[in-house]
Structure formats: C-alpha cells, structure tokens
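Asker: one predicted model, sequence on top.
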Amino acid sequence: MHELSIVETLIEQVESEVRRSGHDGDIVGLDLAIGRLSGINVDSIRFAFELLSPDTLLRRADLRIIEPKAACRCEQCGARTEIDDLVAECPACGGRRITFEGGQELSLESIELED
C-alpha cells in the first residue's frame, strides 16, 4: 500500500512547514485533492491518516479530500467527456486517439491552523 508512504511524507512536510511558520498550535484541517485517475485509493489515504496522525501535530486535523474528475478528449470526433475511470476509447464515437485532461492530481490544497 503506497498510500501509507504518501501519508507519512504528507505529515512530515506539513509539520515541517507549520514549524517553519512559527505556529505553535495544532493543525485542525487539511484539504487534499486526489484525482480519480491518480491511482491513489482515497479510503486507504484516510485509513493511513488515522493510523499515523495521533502522535503528530495533525492529531486533531480533519482530513478533507476532494476528488477532481477527469475528462477524455477525442482527437477523432472532438468530444470531451467526463470519466471516472481510464478508458481505451472515446465514449462518444469509439475512436482510440484520446487524451486525458485532469484527474491525476495529488496536491495539498490548504492547511487550517488552530487560532
């Protein structure tokens, strides 16, 4: 489960950034964007976060995850279609010359600090 190492790195980086800022309170929220085509299991991220955060500055943090959708654009017919999973052909015409837009994100959007 590579999600465990992703969360370990996330916690380390967030703690480092918060300490560098001079803030001495807890972190109360994190907003992550995890694209639907990123290959990252959101439930596993939540589980790993619950497992790893108790002894950290993130022990009280609410982990909020948004899952940006992806789209495929067909070079053959020009259709742009939102998708939830990888596809091998255009949902509109069946063409195989498609490109993907978005849905591959893994980014920390914001850190919410205790007042």
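Answerer: That came through, no problem. Numbers count the residues shown, from 1 in each chain.

Asker: per-residue confidence at the residue nearest the centre of the chain?
Answerer: The residue lying closest to the centre of the chain (CA atoms, centre = their mean) is I34, at 2.0 Å. Per-residue confidence (pLDDT) for I34: 96.

Asker: tell me what it is bridged to.
Answerer: Beta-bridge partners for I34, by DSSP bridges, are L106.

Asker: what residues does the helix ranked longest in the chain touch?
Answerer: When the chain is parsed with DSSP state H, its longest helix is helix 2-21. Contact with helix 2-21 is made by 27, 30, 32, 40-41, 44-45, 47-49, 51-53, 56-58, 106, 108, 111, 113, as judged by CB atoms under 8 Å, 6 or more residues apart in numbering. To be clear about C-beta, it is placed using only N, CA and C from the backbone, and glycine gets the same treatment.

Asker: just the buried members of these?
Answerer: Buried subset of these (neighbour count, 16 or more other CB atoms under 10 Å): 27, 30, 32, 40, 45, 48-49, 53, 57-58, 111.

Asker: what does the pLDDT read for M1?
Answerer: Listed pLDDT for M1 reads 56.

Asker: and D26, by the same measure?
Answerer: We have a pLDDT of 81 for D26.

Asker: now do C74
Answerer: 96.

Asker: hey, where'd the strands end up in this structure?
Answerer: Assigned by DSSP state E, the strands in the chain fall at 27-34, 62-66, 70-74, 80-83, 98-101, 106-113.
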